[in-house]
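Peer 1: please work out how this folds:
(one chain, ligands or ions: 1)
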Amino acid sequence: MLSSAFAKHSLKCRALSLSALRALSTTNAVKQDNAYTHFGSKTVPKTEKEKLVGNVFSSVASKYDIMNDVMSLGIHRCWKDHFINKLDAGKRPNSAEPLHFIDVAGGSGDIAFGLLDHAEEKFHDTESTMHIVDINADMLKEGEKRAMEQNKYYNDPRVKFLVQNGEVLDQIESDSKDIYTISFGIRNFTDIEAGLAAAYRVLKPGGIFYCLEFSKIENQLMDVMYQQWARLLPVMGSIIANDYDSYQYLVESIEKFPDQETFKGMIEQAGFKSVGYESLTSGICAIHWGVKV
Ligand SMILES: C[S@@+](CC[C@H](N)C(=O)[O-])C[C@H]1O[C@@H](n2cnc3c(N)ncnc32)[C@H](O)[C@@H]1O
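Peer 2: Below you'll find the model as predicted:
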């Protein structure tokens, strides 16, 4: 079902990223352990973060493509294509059962539609099902709009759009999904461990957790270039989308997200086996995976 490269096991572990540690004062670290968390560079009550993240994505929803193209110079499209091709998921012709996918934080539909297209084009799979879950109704509406515009996956009984917090997924049955994907979403979660636990719960034994997220740049020169670029992003956000603050949050949320090895350790902690990752474009982002056994 999955590419052999993906099925092979590779295991590593590590500690908190230095930049994340530097960014936190001792006081903030203590606060984070309790009722506080980070929202970009700010420390906010955990109960507030969901609303603040919601505001960001409601604000950028209608300009989501342009936002991604600006932030990544269009490279996000290549990362997403690679993510989908590497997973190589779809019901094989000799298999009796369709696959059941869930794409969390999937508002734009980019990954969900890409996965279904791949399954159909490569394996003639027109049976597998997809739950597209996002906490933000505005982002999900963008995904539905795209499905309508491309006249595919809209009103398709195989595809369901669901407003739901990925940290909970209480409308999704346990042990019901074959593939859980999340792309550029998990860094926005208030409680990433809870999101990983929910992913583990909804997957069937043998099911795959598969995540694309910004990560830590491994090449010094690239890092210097990225830091310069990141400084410009909120200004560009303000010019292109009249929205400085949302772009500032997006840059800061990338800075705060754990590096490859730390996140790998978190996935292992959640119970997944055969955990591994692949850094893309010198670690600007990374694909992480794990299998529920
Ligand atoms: C940068 S967008 C990524 C959208 C899409 N996956 C992609 O790659 O184009 C991040 C998405 O995460 C969603 N999100 C943030 N926190 C979430 C949560 N706790 N549960 C579900 N979705 C969440 C946002 O609403 C937004 O749609």
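
Peer 1: buried sites along the strand or helix carrying Phe209?
Peer 2: Element membership for Phe209, per DSSP states H and E: strand 203-214. Within strand 203-214, the residues that count as buried by 16 or more other CB atoms under 10 Å are Leu203, Gly207, Ile208, Phe209, Tyr210, Cys211, Leu212, Glu213, Phe214. No exception for glycine: its C-beta is placed from N, CA and C like everyone else's.

Peer 1: what does stretch 220-231 give?
Peer 2: Going by neighbour count (16+ other CB under 10 Å), the buried part of stretch 220-231 is Asp223, Tyr226, Ala230.

Peer 1: got the CA coordinates for it in CSV?
Peer 2: Extracted in CSV, the C-alpha atoms of stretch 220-231 (Å, rounded to 0.1, in the frame of the first residue of the first chain):
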residue,chain,number,x,y,z
GLN,A,220,23.8,27.7,8.2
LEU,A,221,23.8,29.7,5.0
MET,A,222,20.2,28.8,4.3
ASP,A,223,19.3,29.7,7.9
VAL,A,224,20.8,33.2,7.5
MET,A,225,18.9,33.7,4.3
TYR,A,226,15.7,32.5,5.8
GLN,A,227,16.0,34.8,8.8
GLN,A,228,16.4,37.8,6.5
TRP,A,229,13.4,36.6,4.5
ALA,A,230,11.3,36.0,7.6
ARG,A,231,11.8,39.6,8.7
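
Peer 1: between the buried residues of stretch 220-231, which is closest to the ligand?
Peer 2: Of all the buried residues of stretch 220-231, Ala230 has the smallest distance to the ligand: 15.5 Å, by CB to the nearest ligand atom.

Peer 1: residues near Asn155, how many?
Peer 2: For Asn155, the count of nearby residues is 8 (other CB atoms under 10 Å).

Peer 1: state the distance from it to the ligand.
Peer 2: When distance is defined by CB to the nearest ligand atom, to the nearest Å, Asn155 is 21 Å away from the ligand.

Peer 1: and if you look at Phe57?
Peer 2: From Phe57 to the ligand the distance is 4 Å (CB to the nearest ligand atom).

Peer 1: in which helix or strand would I find Lys216?
Peer 2: Using DSSP H and E, Lys216 sits in no helix or strand.

Peer 1: list the contacts of the helix or strand just after the strand holding Phe209.
Peer 2: The helix or strand immediately downstream of strand 203-214 is helix 220-241, counting by DSSP H and E. Contact with helix 220-241 is made by 60, 63, 66-67, 70-71, 217, 243-248, 250-251, 254-255, 281-284, as judged by CB atoms under 8 Å, 6 or more residues apart in numbering.

Peer 1: excluding its backbone neighbours, what's nearest Asp259?
Peer 2: Nearest residue to Asp259, sequence neighbours excluded (CB to CB, 6 or more residues apart in numbering): Lys216, at 3.5 Å.

Peer 1: thought the one you found was touching Gly283?
Peer 2: Yes: judged on CB atoms under 8 Å, Lys216 makes contact with Gly283 at a distance of 5.5 Å.

Peer 1: so what pLDDT did Gly206 get?
Peer 2: On pLDDT, Gly206 comes in at 98.

Peer 1: cool, and Ser279?
Peer 2: pLDDT recorded at Ser279 is 98.

Peer 1: three-state assignment of it?
Peer 2: strand (DSSP: H, G, I helix; E, B strand; the rest coil).

Peer 1: what sits against Asp243?
Peer 2: Applying CB under 8 Å, 6+ apart, we find Asp243 in contact with Ser59, Val60, Lys63, Gly237.

Peer 1: gap between the last one and Tyr244?
Peer 2: If you measure Gly237 against Tyr244 using CB to CB, to the nearest Å, the figure is 6 Å.

Peer 1: higher neighbour count, the two?
Peer 2: Legend: neighbour count by other CB under 10 Å for Gly237 and Tyr244, higher for Gly237 (26 against 15).
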